[in-house]
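*Asks:* generate a structure from the sequence data that follows.
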Amino acid sequence: MRAIHATEAGGPEVLSVVDMPEPHARPGELVVRLAAAGVNFRDTYERSGVYPMPFPHVPGAEGAGTVTAVGEGVTDVAVGDRVAWADARASYAEQVLVPAAAALPVPDGLDLETAAALPLQGMTAHYLVASTFPLGPGQTALLTAAAGGVGLLLTQMATARGARVIGLVGSREKEVLAREAGAAEVVRYTELDDLTAELPGIVRELTGGAGVDVAYDGVGRTTFDASLASLRRRGMLVLFGGASGQVPPFDLQRLNSVGSAFVTRPKLADYVADREELLWRAGEVFGAAVAGRLTVRVGARFPLAEARQAHEALEGRGTTGKVLLVP
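*Replies:* Next up, the predicted model:
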């Protein structure tokens, strides 16, 4: 089978196509014929060495496909079943070994490409608005990268809960997408001379001087200070990614000076802590997509062999919505 190798820590150029033996299901595992793999910033962090990984390795952890083999002890999944996953290593491959405990049943009415686009970003958006800072009517959220994969889903979920979203985007095209997803206000950071100095003032104008209840920041280093300064008293900054780089250490006394603020750095694994929670969260996301309450935008599809180009597009801010690799 064909797969992608990251040969060493580095830029997208370290990704190459290799031939590998097809996997065999061990106890508690499934072999799945890949329909599509999700491309995520997590993959770029692991490829570049920000997150420690052995090299060479096959990147990717998200996807969907059809089960072709079932390992010993697996009783609730059968050959021919359609499954998706958010955490199965080496997903940039034509055949993927998926732990049965990580497999998510794909409901009727949901195609496999859409199913591949939802697990990581959909469940991330869900835990952010439903669990980390549960949004409700009358509350306002600031969202960086509002036209990204998580951003478009989070905006829809937040507005469905009665909250108001102020989105941060980089272009007119992305502003249109954010507004279509339900953002009440959109700020183009490319039109600001100094994001850190100007964005908090704009946010306070839009909130009657109060600031936002929560800032969901998936960009990191370049937006963190502006997000923190945009909070209302006792507001929360939820740092869930670092697309622009990791946030350097900072003095906790700053939380006092901006109004006794809270900062948290969550990850999906802690919000799908057991099988019951995983299935509940995935079921909510998949169910909303099937019912038409959640629109999933696949902004770019690349052949598996073009994983390098997919990483370049993602890191270069050249994509909107979800990026997929398709065998």
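*Asks:* switch to C-alpha atoms for all contacts and neighbour counts from now on
*Replies:* Will do.
*Asks:* can you check which helix is longest in the protein?
*Replies:* Taking DSSP state H as the criterion, the chain has its longest helix at helix 275-291.
*Asks:* show me what counts as buried in that one.
*Replies:* Neighbour counts over helix 275-291 (16 or more other Cα atoms under 10 Å) mark 278, 279, 281, 282, 283, 285, 286, 287, 289 as buried.
*Asks:* elements contacting whichever helix or strand comes after that helix?
*Replies:* Next in sequence after helix 275-291, counting helices and strands by DSSP states H and E, comes strand 298-303. For strand 298-303, the elements it packs on are strand 322-326, judged by 3 or more Cα pairs under 8 Å, 6 or more residues apart in numbering; DSSP states H and E.
*Asks:* farthest-apart pair in the buried residues of helix 275-291, please.
*Replies:* Greatest spatial distance in those: 278 and 289, 16.7 Å, computed using Cα to Cα.
*Asks:* host element of the residue lying closest to residue 181 once chain neighbours are set aside?
*Replies:* Nearest residue to residue 181, sequence neighbours excluded (Cα to Cα, 6 or more residues apart in numbering): residue 156, at 5.5 Å. Element membership for residue 156, per DSSP H and E: helix 149-160.
*Asks:* any idea how far that helix is from the chain center?
*Replies:* 11 Å (Cα atoms, centre = their mean, to the nearest Å).
*Asks:* do stretch 259-276 as well
*Replies:* 14 Å.
*Asks:* who's in contact with residue 69?
*Replies:* By Cα atoms under 8 Å, 6 or more residues apart in numbering, the contact list for residue 69 reads 24, 25, 30, 31, 32, 78, 79.
*Asks:* one more time with 10 Å, if that's ok
*Replies:* Residues near residue 69 by Cα atoms under 10 Å, 6 or more residues apart in numbering: 23-26, 29-33, 77-80, 97.
*Asks:* now do residue 223
*Replies:* Residue 223 sits in contact with 144, 145, 168, 189, 195, 196, 199, 217, 242, 244, 247, where contact means Cα under 10 Å, 6+ apart.
*Asks:* nearest spatial neighbour of the last one, chain-adjacent residues omitted?
*Replies:* Pointing back at residue 247 there. Sequence neighbours aside, residue 221 is the residue nearest to residue 247 in space, at 4.5 Å (criterion: Cα to Cα, 6+ apart).
*Asks:* using the three-state scheme, assign that neighbour.
*Replies:* Here residue 221 is coil, with the state taken from DSSP: H, G, I helix; E, B strand; the rest coil.
*Asks:* give me the distance between it and residue 325.
*Replies:* In this view, residue 221 and residue 325 are 28 Å apart by Cα to Cα, to the nearest Å.
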